[in-house]
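Asker: following is a predicted model, sequence given first.
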Amino acid sequence: MNDQCRVALEIAPGSPHHLGAHFDGDGTNFAVFSENATQVKLCIFSADGLHELQRIDLPERTGSVWHGYVPGLKPGTLYGYRVEGPYTPENGHRFNPNKLLLDPYTSEFHGVFSEHPSTFGYQVGSPQVDLSFDDRDSAPHVPKSVVSDPQSFPLDAKTLGRGWDDAFCYEAHVKGATKLHPAVSETLRGTYDGLSSPAFLEHLTRLGVTTVELLPVQALKSEGALQARSLVNYWGYNTIGFFAPEPRYFGPSGILGFRAMVDRFHEAGIEVILDVVYNHSGEGDHLGPTLSFRGLDNASYYRLLDGQRRYYVNDTGCGNTLNVSHPFVLRMVMDSLRFWVQAMGVDGFRFDLAVSLCRERHGFDIHGGFLDSLRQDPVLAGVKLIAEPWDVGPGGYQLGKFPPPFAEWNDRYRDTVRRFWRGDGHSAQDLGSALLGSADLFDSGGRRSWSSINFAAAHDGFTLADTTHYVKRHNEANGENNRDGHQSNYSDNFGIEGKSDDTVIVEARRQRIRNILATVLLSQGTPMILAGDEGGNSQDGNNNAYCQDNETSWIDWQTLDGGLIEFTSALSCFRRSHAAIRQNSFLHGMTRTTDGRPDVEWRDFDGSALNWRDPGLSSLCLLLRGCAECSAGLQSEDEVLLAFNREPRDLELVLPDCGSGQWIWEINSSSDIQAAEPVVGQSVLVAPQSVAAFTLRRHEGA
């Protein structure tokens, strides 16, 4: 610390009740959790972050919260913590007061991370590895926390409050969605401001999107191994600041651009859901840097191996696992969620590796602290909650096991749809379940059919177009010898790996894309598509582009297929218009009280009963009506017939008796252009490898 830069600050006991730094109009209260520390020092820095001006002990400890109040200290002040305590990694403690630590509750960062050796608690290169101790000051090489102006984050935001009934989700990356968008100003591309630009909002509105699910936007750190390969963590699943928007996406509005973005989405009638990563932090494994949690209280913030507390439980595959069963870590997560709702207006959350958040000492527990806290919190009541229902730990695959009001990413749906259209045997039977919201997985405990988030492609894996271009992953640019990423992609290349100029192959691929889009948008459940898939965006076969902050992952809007975009829009419009394909309740073929007919009927193309025992089953139809379990007054009169023809030839479809009504052919995936056409006669020809959808138009008085 430079003595010439010292200032004299007074500090009073303050309050332990609100963690973080809070300016009250006269001064700032600091409160930070550490159960095992022996002393916590508050460090104040110059406005440029280069000089430490004051280092002062927090004067009070109430339970496990250290706190103090500095009169006259105003917003914009840069600060950090140094924490004293035992450095005994074998016992789980890694205190090192030479390391400046970020406040876990800060909403703003000043400066950037580096991989300087001083940011590690141990001597990098020492034969003792992390059992050694490094006494260099890390402050010049780490960001500083910022005392925020309360006016920047007023807790008065409103969520949009849309239900799940008509939800259509669009998974997007803040930067990748607009970085190459020609209708977005160059100064806004790749930023929060750009994402909410009129051009992008117009595109979403055209598609009928109701909900944008953003890849992680909480402040993050790229792993050292990536930086050594001149790469970055592009997806953002390496959070270090759970209350701070990621600065790399700041535009002209700076940090205020995030809430302004949400507000503009709301004005367009579109919800914003955040993909959040509370399962691990960006500090990595036992050889990672000491940036915040590790230095504040390693043994409390992280799950450590029983009997080997030098090492971390790694149920996340990312080096560490946050100990959400600890009351103060759980409190941090809950406070963070409330912050994004109340201060930013966020409409919901998708929890990355959600199983890790629900682990108690005995394993996954739906009655554990995290889920109990989440379901009883009045601030979070009504926001959308989505689980990624797995992690890499023991018993980590829990699809269908989350309680209401959760929805879940359904990867079985993804694989089933890909396998069916690829032509795999026995896949039609699985598709039958998927089309009805995967009731075998989700229909229990009062859950609704929207609980299944139906997707055929997401950020992790091939884009939809690449499932028709590649059999093998092509991740060489990631620098991991093409060993990373999914191996089971259930993809097809139509005889040529990669791009092709063969018009037959090109059209066959487009047909496959239309078929999959139609399947997703016509299934019961909640449809989700990956940004760019509506226009055939490709990542050149990279199915794990987590570190590709470049043209590989940025959507190239000028090369998107306008015909596919129009087709996606038509599908979305059809879905919105017909309640029969977006019902809240599961359909089980039960008899309706209103007309004595079943709420769903499975049929072969010739009108006979479907032979589910046929291993080669490749064509099927289902007739959808309003759910029989709904009360008579709520039963939809909508009637929709869906036909799936995987055969390489036309199939004659015998339409159900319509009485005095008429069947209208509304969706035909063999073409980009959709036009409602009345059916003449009792049968139609459905094109090879296509999906068709019909609605029943009843005549007046019928």
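Answerer: Yes, it's here. Numbering: from 1, shown residues only.
Asker: next, residue 82: secondary structure please.
Answerer: Going by DSSP: H, G, I helix; E, B strand; the rest coil, the secondary structure assigned to residue 82 is strand.
Asker: OK, contacts around it?
Answerer: By C-beta atoms under 8 Å, 6 or more residues apart in numbering, the residues touching residue 82 are 40-41, 43, 55, 97-101. The C-beta positions use only the backbone N, C-alpha and C, and glycine is treated the same way.
Asker: what do you get if the cut-off is 10 Å, keeping everything else the same?
Answerer: 39-43, 52, 55, 57, 95-101, 137-139, 295 (C-beta atoms under 10 Å, 6 or more residues apart in numbering).
Asker: give me the ChimeraX select line for these, limited to the buried ones.
Answerer: To isolate the buried members of these in ChimeraX, using 16 or more other C-beta atoms under 10 Å:
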select :40,41,42,43,52,95,96,97,98,99,100,101,137,138,139,295
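Asker: which ones among the contacts of residue 82 are found in strands?
Answerer: Using DSSP state E, the members of the contacts of residue 82 that fall within strands are 39-43, 52, 55, 57.
Asker: show me the two of those that sit farthest apart.
Answerer: Maximum pairwise distance in these, criterion C-beta to C-beta, is 16.8 Å, between 39 and 52.
Asker: correct me, but residue 426 touches residue 419?
Answerer: Yes. Counting by C-beta atoms under 10 Å, residue 419 is a contact partner of residue 426 at 8.7 Å.
Asker: which parts of stretch 536-550 are buried?
Answerer: For stretch 536-550, by 16+ other C-beta under 10 Å, it's 536-549.
Asker: in the lengthiest helix in the chain, which residues are buried?
Answerer: Looking only at the chain and at elements set by DSSP state H, the helix with the highest residue count is helix 503-522. For helix 503-522, a neighbour-count test (16+ other C-beta under 10 Å) marks 505, 508-522 as buried.
Asker: likewise for stretch 420-434?
Answerer: Buried-residue list, stretch 420-434, by 16+ other C-beta under 10 Å: 420-422, 427-434.
Asker: can you check stretch 653-661 too?
Answerer: 653-656, 658.
Asker: where's the dip in pLDDT among these?
Answerer: Among the buried residues of stretch 653-661, residue 658 has the lowest pLDDT, at 90.
Asker: so it makes contact with residue 698?
Answerer: Yes. Between residue 658 and residue 698 there is a contact under C-beta under 10 Å: 8.3 Å.
Asker: can you pull the residues that touch both of those two?
Answerer: residue 639.
Asker: skipping adjacent residues, who's closest to residue 126 in space?
Answerer: Nearest in space to residue 126, with sequence neighbours left out and distances taken as C-beta to C-beta, 6 or more residues apart in numbering, is residue 132 at 3.8 Å.
Asker: and the gap between the one you found and residue 288?
Answerer: To residue 288, residue 132 is 15 Å away according to C-beta to C-beta, to the nearest Å.
Asker: the more surrounded of these two?
Answerer: Ranked by neighbour count (other C-beta atoms under 10 Å), residue 132 and residue 288 place residue 288 first, with 21 against 16.
Asker: so who does the nearest residue to that one once chain neighbours are set aside touch?
Answerer: Excluding its sequence neighbours, the residue lying closest to residue 288 (C-beta to C-beta, 6+ apart) is residue 319, at 6.2 Å. The neighbours of residue 319, taking C-beta under 10 Å, 6+ apart as the test, are 223, 238, 280-288, 302, 312.
Asker: and those residues, which of them are in helices?
Answerer: Using DSSP H, none of those sit in helices.
Asker: and which of those is nearest residue 198?
Answerer: residue 238 (32.2 Å).
Asker: so the closest one makes contact with residue 280?
Answerer: Yes. If you go by C-beta under 10 Å, residue 238 and residue 280 touch, sitting 8.0 Å apart.
Asker: neighbour count winner among the two?
Answerer: residue 280 (28 against 24).
Asker: count of neighbours near residue 53?
Answerer: 19.
Asker: residue 177 now?
Answerer: Neighbours around residue 177, by other C-beta under 10 Å: 27.
Asker: check residue 367 too.
Answerer: 9.
Asker: that one touches residue 358, doesn't it?
Answerer: Yes. Using C-beta under 10 Å, residue 367 is in contact with residue 358, at 9.3 Å.
Asker: between those two, what contacts are shared?
Answerer: Listed as contacting both residue 367 and residue 358 by C-beta under 10 Å, 6+ apart are residue 403.
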